[in-house]
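> Let me see the structure of the following:
(2 chains)
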Amino acid sequence: MSILLGRSPDRQPPGAAPAHTGSRTTRLLGGLALAGLVGLGLCAFVFSPADSRPGPEAGARIGQFDAVRLMYVHVPAAIWTYAALGACALASAVYLWHRGAWWDRLAHACAEIGVVLCAVTLLTGMIWGRPVWGTWWEWGDVRLVTTLVLFLAYAGYLALRSVPGAPEARARRSAVLGLGGAVLIPIVNRSVEWWENRTLHQQSTLEELRIEDLTLFTLVLGIFVMGAVVLWLAVHRFRVAWLEAEAESAGLQAALAERRAEAAAAEPGAGAGGSGP
Amino acid sequence: MREALLVAAKDLRIEMRSRVLLFQVAPFAVATLVLLGFALDADRSALRNFSPGLFWVAVLLTALLAAQRSVAVEHAGRAADALLLSGVGPARIFAGKALALAAQLAALEVGLGVAMVVLYDARIEHFGLAVASAAAATVGIAAAGTLYGVLAAPMGVRETLLPVMLLPVFAPVLIGATRAFGDALGTAATNGWAWFGLLGLFALVYAVFGALAYGPLLEAEA
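Residues are numbered from 1 along each chain as shown, chains lettered A, B, ... in the order given. A predicted model of the protein is given here:
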């Protein structure tokens, strides 16, 4: 919890708002993520080979060719989408049980990151699908369609969160929605096994280790690097949410103090403002 | 159970008296079917083939209106507060409201089914499967609609927020019910009873989740 809070306003000297959401831990994590991204870029575009195998006809080559390089982003993004949205659902469940604002902000941060990752998954999948499947979108592919539904469901969650209202009531409604949307996560994840004949997606390559050498290494590296990026984003987003809540509360307190001062000034005999002509 | 039935009877009585379902929601449902017919260029064979999907799209769009209506009656004159003060448990209130919504949707589905047979020339080949899958889908839609309806209820943006939240949740129902009806109407070679199982699971999950989550939501509203 302390890593997520870091230099939160309640740790600042009175009256000193933090200038940023960074801390030594996040800077270290950010540096690691950046170095990982450089390494991933090198492995994906320089060291790892394109997917090309001899075809059934003499001299012909088959495979995904350079499109396979998109998998180093697509697969990690999909895995971390499940993780981020799953964490949102878990934090929502704990919020409903425990009622701590900390869990509500964690759920919010995870949902935002999950939605962005889900969009990345869909976009990279579509770009990959065009040369490999010959289409941007395939309605017959159950994983593609269920992933889109998952994206829309959590976009709805963010829409609910964006509606102004009492923080406690908004947190409770969001928690129910965040938990309810989690029903879709196992459906998306297992869809290629459950509807084997209704998908163009291959079944899990990682679980069965059907790829090897540098391609496998790059894919696993991508998963770790994406994890570091997600963690870094989550910590910062959490702190921004915390600061937003503090600012909202401070703004409310300031408005109340202003109204009280106005009321006191308007009372007869309460000073110069009240004894005017 | 008795309290849930009382809540359901209250909602149904309000609908009987206001006639909103009859004069506004039902015509909307039929108009949707007609517009979908225009969209497919009124090609009879295409309409018959796509009738399961078109029917359930019309049902889900209509369910949005019915779910909004179900919540709106509780917010007129702060009736929700009175309901809470009556001492009825949140799970029973949820069950009653979902039951009333399911009854209204079932009535609409019967009307839409007749319209589908007349307008789209659809033929029901497996009546039992059609009724069973429609019942499971209706319970699921009603449970999810009741739960999500109260989520968006007091926000002042209910009309726009509810579809954004609810339509993605309805997607599994649309897929399952369309496939099951495809088998029942003989327009698709699928195992309709397997899809009926998925619909039943969806209904069970949202009924249990709704009963558990309704309490915290009502507290947030109060």
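> for chain B, what are the nearby residues on the stretch 1-150 of chain A?
A:96, A:146, A:149-150 (CB under 8 Å from any CB of the partner chain). Using the backbone N, CA and C atoms, a C-beta is placed for each residue, glycine as well.
> Could you dump the residues you listed into CSV with neighbour count, secondary structure and pLDDT added?
Supplementary listing: the residues of the stretch 1-150 of chain A next to chain B in CSV, determined by neighbours: other CB atoms under 10 Å in any protein chain shown; DSSP: H, G, I helix; E, B strand; the rest coil; pLDDT from 0 to 100:
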residue, neighbour count, secondary structure, pLDDT
A:Leu96, 21, helix, 90
A:Thr146, 24, helix, 87
A:Val149, 21, helix, 90
A:Leu150, 28, helix, 92
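> okay if I get those residues as TSV plus distance to B:Ala102?
Converted to TSV, those look like this (distance: CB to CB, whole Å):
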residue	distance to B:Ala102
A:Leu96	26
A:Thr146	26
A:Val149	23
A:Leu150	26
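> from the residues you listed, which single one is nearest chain B?
Each of the residues of the stretch 1-150 of chain A next to chain B was checked against chain B using CB to the nearest CB; the closest is A:Val149, at 4.3 Å.
> where does A:Trp139 land in three-state SS?
State at A:Trp139, reduced to three classes by DSSP: H, G, I helix; E, B strand; the rest coil: coil.
> what pLDDT does it get?
At A:Trp139, the predicted lDDT confidence score is 81.
> Might you report the residue contacts of it?
The contact partners of A:Trp139, taken as CB atoms under 8 Å, 6 or more residues apart in numbering or on different chains, are A:Val145.
> Please report how far it lies from chain B.
To chain B, A:Trp139 is 11 Å away according to CB to the nearest CB, to the nearest Å.
> out of the residues of the stretch 1-150 of chain A next to chain B, who's nearest B:Leu198?
Within the residues of the stretch 1-150 of chain A next to chain B, the smallest distance to B:Leu198 is 12.5 Å, found for A:Thr146 (CB to CB).
> Could you tell me the per-residue confidence at B:Ser70?
In this prediction, B:Ser70 carries a pLDDT score of 86.
> B:Gly145 is in contact with that one, correct?
Yes. The pair B:Ser70 / B:Gly145 is scored as a contact, 7.2 Å apart, by CB atoms under 8 Å.
> For these two, indicate the residue with more neighbours.
B:Gly145 (30 against 24; other CB atoms under 10 Å in any protein chain shown).
> Just the element for that one, please.
For B:Gly145, the host element (DSSP states H and E) is helix B:127-152.
> So which other helices or strands are in contact with that helix?
Other helices and strands packing on helix B:127-152, by 3 or more CB pairs under 8 Å, 6 or more residues apart in numbering or on different chains; DSSP states H and E, are helix A:167-181, helix B:44-75, helix B:90-120, helix B:158-184, helix B:192-221.
> Any idea which of the ones you listed gets closest to A:Glu262?
helix A:167-181 (25.4 Å).
> Residues in contact with that closest one: which ones?
By CB under 8 Å, 6+ apart, the list of residues contacting helix A:167-181 reads A:85, A:88-89, A:91-93, A:95-96, A:101, A:103-104, A:107-108, A:111, A:150, A:153-154, A:156-157, A:160-161, A:163, A:245, A:248, B:147-148, B:151, B:154, B:165, B:169, B:206, B:209, B:213, B:216-217, B:219-221.
> Give me the buried subset of the residues you listed.
A:85, A:88-89, A:91-93, A:95-96, A:103-104, A:107-108, A:111, A:150, A:153-154, A:156-157, A:160-161, A:163, A:245, B:147-148, B:151, B:154, B:165, B:169, B:206, B:209, B:213, B:216-217, B:220-221 (16 or more other CB atoms under 10 Å in any protein chain shown).
> Show the pLDDT at residue 175.
Using chain A. On the pLDDT scale, A:Ala175 gets 93.
> let's do chain B instead
So, for B:Ile175, pLDDT stands at 87.
> For chain B, which helix or strand comes out least confident on mean pLDDT?
Across the helices and strands of chain B, mean confidence by mean pLDDT, DSSP states H and E is lowest for helix B:79-85: a mean of 76.
> List the buried residues for that one?
B:80, B:83-84.
> Quick one: work out the angle between the lengthiest helix in chain A and helix A:167-181.
For chain A, the longest helix by residue count, based on DSSP state H, is helix A:213-266. When axes from the mean of the first three to the mean of the last three CA atoms, to 10 degrees is applied, the directions of helix A:213-266 and helix A:167-181 differ by 160 degrees.
> Point out where the chain drops to low pLDDT.
Let's take chain A. A:1-19, A:194-200, A:202-212, A:269-277 (pLDDT under 70).
> ah, no, chain B please
For chain B, the ranges with pLDDT under 70 are B:42, B:77, B:154-156, B:221-222.
> ok, which residues in it are in contact with chain A?
Residues of chain B lying near chain A by CB under 8 Å from any CB: B:147-148, B:151-152, B:154-157, B:161, B:164-169, B:171-172, B:205-206, B:209, B:213, B:216-217, B:219-221.
> Next, the buried residues of the host helix or strand of A:Trp80.
In the assignment (DSSP H and E), A:Trp80 maps to helix A:71-98. Across helix A:71-98, burial judged by 16+ other CB under 10 Å covers A:71-96.
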